[in-house]
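Student: here is my input; please provide its structure:
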Amino acid sequence: MSNPTNLQYTEEHEWLTTAESGAVATVGITKHAADALGDIVYVQLPEVGDEITAGESCGELESTKSVSDLFSPVTGTVTEINQAVIDDPASVNSDPFGDAWLFKVEVAETGKLLTAAEYDAFIGA
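Tutor: Residues are numbered from 1 along each chain as shown. This is a model prediction of the structure:
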């Protein structure tokens with residue numbers, strides 16, 4: 001499995017579109033994470049306006065198998081959440097890199113991020 005090369009990744013299996021300070025980044029979870037969780041039945045996201053911190057929990061994903069924390073890849077302010085994912089959590093399993101993004105955040109600073117190649121190596125892809 002090869003992950004999109006235009007994204008950056010975390011060791012907690014989140015992806016983001018940009019880590020540029022001041023930019024608005026889109027955040028989601030990887031296909032690897034979605035597959036490991038199994039059928040996702042509930043998504044709890046941060047709220048618009050929330051200040052989130054890189055490496056800290058900012059939400060949860062619940063599947064038929066377990067509950068997993070959602071970790072923020074960057075520090076910043078949440079600017080938008082994907083209501084469609086809240087309404088249809090299973091979409092995260094079917095399109096984790098597309099329409100099933102989770103939230104957008106105005107980046108203040110980044111945490112530890114991986115390139116697609118580094119993430120592929122990390123998960124043994």
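Student: for Ala117, phi and psi?
Tutor: Main-chain dihedrals, Ala117, degrees, to the nearest 10: phi -60, psi -40.
Student: count of residues packed around it?
Tutor: 13 (other Cβ atoms under 10 Å). Glycine gets a C-beta too; all of them are placed from N, C-alpha and C.
Student: against Tyr9, how distant is it?
Tutor: 10 Å (Cβ to Cβ, to the nearest Å).
Student: leaving out chain neighbours, which residue sits closest to the most centrally placed residue in the chain?
Tutor: In the chain, the C-alpha nearest the mean C-alpha coordinate belongs to Gly28, at 2.7 Å (Cα atoms, centre = their mean). Distances taken as Cβ to Cβ, 6 or more residues apart in numbering place Trp101 nearest to Gly28, at 4.3 Å, with adjacent residues excluded.
Student: would you mark the buried spots in the helix or strand harbouring Tyr42?
Tutor: Counting by DSSP states H and E, the element that carries Tyr42 is strand 40-44. By 16 or more other Cβ atoms under 10 Å, the buried positions in strand 40-44 come out as 40, 43.
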